[in-house]
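Novice: Fold the following, please.
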Amino acid sequence: MPRRLPALLLALLASCVGTAVPQPPNLEPVDLARVDGAAPETVGGVLELFGGPGAAPADTEVWLWDLASNLPPQIAPVGADGSFAFAVRAAGALRLQVRDADGSRSPPVDVGVEGVAVLPLARPACLAVERELFLGASREASLVVVNGCDGAVTIGASRLRAGDAFDLQRPADSSLPVAGEATFEVSAPGDEPTEEILLVELTLDATTYLFPVTVSAPAR
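Specialist: Next up is the predicted model:
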């Protein structure tokens, strides 16, 4: 069974080459306890996703990425009461993040949609993968995956959700042993500021888990 990361592995993770996004998240994330889904009677294959009052900080925006598609994110305004609404595919994995016009943002929240239920995306706590990676002025960074579980992990398919704005070099070995770590090298050719989501699949005990990582690079 998965277990929590020991102190040594937490220290290794803290020393990773890749840094977080330019400033620490300073907005509260979407409160999933206040988010519900409903299936419209007249539209097939679509789910209405509602954030009730208090689901997000007032007068911001909620960004939603469908992790199974290459479409741009949907953006919904948050009302003065903290509510918002989306129309999304009736099943799949989504990433939600609160942002505002000043560049502030929340930690991202990843969910799975099952029927009309919106649930946190299942992932073992013993697998450590940063949720965001900022490339910095060099437009290069390393994403380190740390295995703090009791069993070996297999690194599966890893790809950018859409486009080719970043170059990705996978770890040489797809097997990640107990207490081991693996490194993805990420770089951004060109000069324009850009952002995309890297999708990393990790298999533990015959179950595959999805770890989305928002990758961003500033202008050169």
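
Novice: Okay, now the unreliable bits of the protein?
Specialist: 1-23, 40-44, 90 (pLDDT under 70).

Novice: those helices in it, which residues are they?
Specialist: Ranges of helices in the chain, per DSSP state H, are 7-14.

Novice: burial count for residue 48?
Specialist: Neighbour count for residue 48, taken as other CB atoms under 10 Å: 16. C-betas here are computed from N, CA, C, even on glycine.

Novice: in the sheet, who's paired with it?
Specialist: Taking DSSP bridges as the rule, residue 48 bridges to residue 38, residue 87.

Novice: you'd agree it is up against residue 37?
Specialist: Yes - in this structure, residue 48 is within contact of residue 37 by CB atoms under 8 Å, at 6.7 Å.

Novice: how about stretch 157-174 as PDB, C-alpha atoms only?
Specialist: The C-alpha atoms that make up stretch 157-174 are tabulated as PDB, following Å, rounded to 0.1, in the frame of the first residue of the first chain:
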ATOM      1  CA  ALA A 157       2.800   7.900 -21.400                       C
ATOM      2  CA  SER A 158       3.900  11.500 -20.900                       C
ATOM      3  CA  ARG A 159       3.000  14.300 -23.300                       C
ATOM      4  CA  LEU A 160       2.000  17.900 -23.600                       C
ATOM      5  CA  ARG A 161      -1.800  18.300 -23.600                       C
ATOM      6  CA  ALA A 162      -1.800  20.500 -26.700                       C
ATOM      7  CA  GLY A 163       0.700  21.900 -29.100                       C
ATOM      8  CA  ASP A 164       4.500  21.800 -29.200                       C
ATOM      9  CA  ALA A 165       5.500  24.900 -27.300                       C
ATOM     10  CA  PHE A 166       7.900  22.900 -25.100                       C
ATOM     11  CA  ASP A 167      10.500  20.300 -25.700                       C
ATOM     12  CA  LEU A 168      10.300  17.300 -23.400                       C
ATOM     13  CA  GLN A 169      13.000  14.800 -22.600                       C
ATOM     14  CA  ARG A 170      11.700  11.800 -20.700                       C
ATOM     15  CA  PRO A 171      13.700   9.800 -18.100                       C
ATOM     16  CA  ALA A 172      15.900   7.200 -19.700                       C
ATOM     17  CA  ASP A 173      14.500   4.400 -17.500                       C
ATOM     18  CA  SER A 174      10.700   3.900 -17.300                       C
END
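
Novice: tell me which residues in that stretch are buried?
Specialist: By neighbour count on 16 or more other CB atoms under 10 Å, the buried set for stretch 157-174 is 158, 160-161, 165-166, 168, 171.

Novice: among those, which two are most distant?
Specialist: Largest separation among the buried residues of stretch 157-174 by CB to CB: 165 and 171, giving 21.0 Å.

Novice: Now do the contacts for residue 56.
Specialist: With contacts defined as CB atoms under 8 Å, 6 or more residues apart in numbering, the neighbours of residue 56 are 28, 30-31, 62, 78, 82-84, 98.

Novice: Likewise for residue 170?
Specialist: Contacts of residue 170 by CB under 8 Å, 6+ apart are 155, 158, 184.
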